[in-house]
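**Q** Sequence plus predicted model, see below.
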Amino acid sequence: MVKVGIVGGTGYTGVELLRLLARHPGVELTAITSRGEAGMAVSDMFPSLRRRVDLKFVTPQDAALEKCDAVFFATPNGIAMKQAAELVAAGVRVIDLAADFRIRDVAEWQKWYGMEHAAPELVAEAVYGLPEVNRAQIRGARVLANPGCYPTAVQLGFLPLVEAGLIDTDHLIADAKSGVSGAGRKAEVHTLLPEAADSFKAYGVPGHRHLPEIRQGLALAAGHAVGLTFVPHLTPMIRGIHATLYGRLKPGGDAADLQGLYEKRYAGEAFVDVMPAGSHPETRSVRASNLCRIAVHRPQGGDTVVVLSVIDNLVKGAAGQAVQNLNIMFGFDEETGLDIVPVSP
Ligand SMILES: NC(=O)C1=CN([C@@H]2O[C@H](COP(=O)(O)OP(=O)(O)OC[C@H]3O[C@@H](n4cnc5c(N)ncnc54)[C@H](OP(=O)(O)O)[C@@H]3O)[C@@H](O)[C@H]2O)C=CC1
Ligand SMILES: CC(=O)N[C@@H](CCC(=O)OP(=O)(O)O)C(=O)O
């Protein structure tokens, strides 16, 4: 059994990790932390986990994390980077759901995240955990940077076109909408029910911290820098990301079989479902599952390609992808613990 600890167990991604790991046959949950709720039974805070998780929250100091085989950080940005080196030295493999190890260029990370990086040497060795791109490197990772929610939906949607060199990569557009759980469980005015319900807004238009992460991934796929306009929106739903992606075919690209390209690129991927031509995937169709469903369109047969990509932000966009990465790192079948039928309605 792989001994697993979770730092930050009271947040939305923390409880989602618990939900998934509670039914994972190869994992023993040994510690789950909260500074604010130490001593409380997990099932008292989350009754959904009664008779599934029989642990109490402990402080990070009392968690004996160095005795784990793997530790997930489901904490705000800037926490894992301070503790990862010590854990790695103790032989523990670190999976960070936050952004501390996602951006290779430390100066760029510091600019977007507004703090000094505490472990730049670990950024260099960390592996970006998008399995559909980096599966081989993930196997040996000691520090795993789990991708952001928007970056997962946007990269999976654009990758086949960018890798094939079919679209103009100077002017990519990603118009993405997220459910409110994407903002986490902490109390904030903009996520109160009367503020977020029955309304719809864009945010972060001048620049969102997921922009450099998406650009980095697509540039690696293209083999050169890419230009991207990324506009996130807050929608009055709880879970889900819907990304509408726009690209312009290069001259001569209109002969390409885009449906075939997507089907071939993701053939054999358990968690990417290329929908039949003409589909309009809904966030509901992936709710609570680790799936990304994608549809590719060429409206009126013109030279603009529109890709629709949907995920559950808490699962393929966070905890589910983290468990998928754990499975790869520890040699489990990739679907272990993740073979979940989406919840509908
Ligand atoms: N929500 C989402 O859809 C996604 C979130 N993420 C990322 O995952 C991470 C967690 O997100 P989410 O679950 O939404 O966040 P929440 O705000 O809901 O939860 C944060 C958790 O971290 C703990 N925590 C906070 N500060 C510290 C600290 N200094 N040391 C140890 N523990 C701490 C909190 O518990 P306590 O204060 O009691 O210790 C709490 O359990 C974030 O980095 C987020 O950006 C990534 C992809 C998607
Ligand atoms: C709706 C909402 O607020 N979403 C968050 C992004 C989700 C997240 O937690 O970001 P990481 O993937 O980088 O960890 C935001 O825009 O800040």
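**A** Everything's here; your move. Keep in mind that this is a model prediction, so the values were computed, not measured. Ligands and ions are numbered 1, 2, ... in the order given.
**Q** Could you check how far the residue located most distally from the centre of the chain is from residue 167?
**A** Relative to the centre of the chain, and counting by C-alpha atoms, centre = their mean, the farthest-placed residue is residue 252 at 34.2 Å. To residue 167, residue 252 is 12 Å away according to C-beta to C-beta, to the nearest Å. Heads up, the C-betas are built off the backbone N, CA and C, glycines and all.
**Q** before we move on, what about residue 120?
**A** Distance, residue 120 to residue 167, by C-beta to C-beta: 34 Å.
**Q** With residue 41 instead?
**A** Counting by C-beta to C-beta, the gap from residue 41 to residue 167 is 52 Å.
**Q** which other residues reach stretch 210-227?
**A** 99, 102-105, 108-109, 112, 128, 130, 133, 147-148, 150-151, 154-155, 158-159, 162-163, 165, 169-172, 174, 228, 230, 232 (C-beta atoms under 8 Å, 6 or more residues apart in numbering).
**Q** Which positions in the stretch 1-150 of the chain make contact with ligand 2?
**A** 98, 99, 148, 149 (C-beta under 6 Å from any ligand atom).
**Q** what about residue 41 and residue 167, which has more around it?
**A** residue 167 (25 against 15; other C-beta atoms under 10 Å).
**Q** So in the chain, which helix runs the longest?
**A** Assignment by DSSP state H gives helix 149-163 as the longest helix of the chain.
**Q** Show me what counts as buried in that helix.
**A** 149-163 (16 or more other C-beta atoms under 10 Å).
**Q** For residue 163, which non-adjacent residue is spatially closest?
**A** Spatially, and ignoring its direct neighbours in sequence, residue 163 is nearest to residue 221 (5.0 Å; C-beta to C-beta, 6 or more residues apart in numbering).
**Q** what do you get for residue 315?
**A** residue 290 (5.0 Å).
**Q** So that neighbour versus ligand 1, what's the distance?
**A** Separation of residue 290 from ligand 1 (C-beta to the nearest ligand atom, to the nearest Å): 13 Å.
**Q** My read is that that residue contacts residue 316, right?
**A** Yes: between residue 290 and residue 316 there is a contact under C-beta atoms under 8 Å: 5.0 Å.
**Q** Give the residues shared as contacts by those two.
**A** residue 271.
**Q** for residue 278, what are its contacts?
**A** 295, 297 are the contacts of residue 278 under C-beta under 8 Å, 6+ apart.
**Q** Which of the three states applies to it?
**A** Three-state assignment for residue 278 (DSSP: H, G, I helix; E, B strand; the rest coil): coil.
**Q** Give me the pLDDT value at the residue in the chain that ligand 1 sits nearest to.
**A** The chain approaches ligand 1 most closely through residue 11 (2.0 Å), counting by C-beta to the nearest ligand atom. The score at residue 11 is 97. That number is its pLDDT.
**Q** returning to that earlier point: anything in the longest helix of the chain sitting right up against ligand 1?
**A** Yes: residues of helix 149-163 contacting ligand 1 under C-beta under 6 Å from any ligand atom: residue 149.
**Q** now that helix, how far from the chain's geometric center?
**A** Here helix 149-163 is found 12 Å from its chain centre; the criterion is C-alpha atoms, centre = their mean, to the nearest Å.
**Q** re earlier: name the member of the residues of the stretch 1-150 of the chain next to ligand 2 with the most neighbours.
**A** residue 149 leads these on contacts (other C-beta under 10 Å) with 28 neighbours.
**Q** so who does it touch?
**A** Taking C-beta under 8 Å, 6+ apart as the test, what residue 149 contacts is 178, 182, 241, 311, 313, 314, 317, 318.
**Q** near ligand 2, which residues of the stretch 151-300 of the chain show up?
**A** So far as C-beta under 6 Å from any ligand atom goes, the stretch 151-300 of the chain lies against ligand 2 at 178, 182, 183, 232, 234.
**Q** taking the contacts of stretch 210-227 one by one, which sit in strands?
**A** Applying DSSP state E to the contacts of stretch 210-227, the entries found in strands are 128, 172, 174, 228, 230, 232.
**Q** Buried among those residues? Need that as a selection in ChimeraX.
**A** The buried residues among these can be selected in ChimeraX (16+ other C-beta under 10 Å) with this line:
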select :128,172,174,228,230,232
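**Q** of all the ones in strands among the contacts of stretch 210-227, which comes closest to residue 337?
**A** For those, the closest approach to residue 337 (C-beta to C-beta) belongs to residue 128, at 21.8 Å.
**Q** Quick one: neighbours of the closest residue to residue 22 other than its chain neighbours, just the number.
**A** In this structure, residue 22 finds its nearest non-sequential neighbour in residue 52, 4.3 Å apart by C-beta to C-beta, 6+ apart. Number of residues near residue 52 (other C-beta under 10 Å) recorded here: 15.
**Q** got it, and residue 249?
**A** Residue 249: 19 neighbours (other C-beta under 10 Å).
**Q** give me phi/psi at the closest residue to residue 68 other than its chain neighbours?
**A** Spatial nearest neighbour of residue 68, chain neighbours left out: residue 5 (4.2 Å); criterion: C-beta to C-beta, 6+ apart. Note on residue 5: its backbone torsions stand at phi -120, psi 150 [degrees, to the nearest 10].
**Q** in the sheet, who's paired with residue 5?
**A** residue 31, residue 71 (DSSP bridges).
**Q** count of neighbours near it?
**A** 25.
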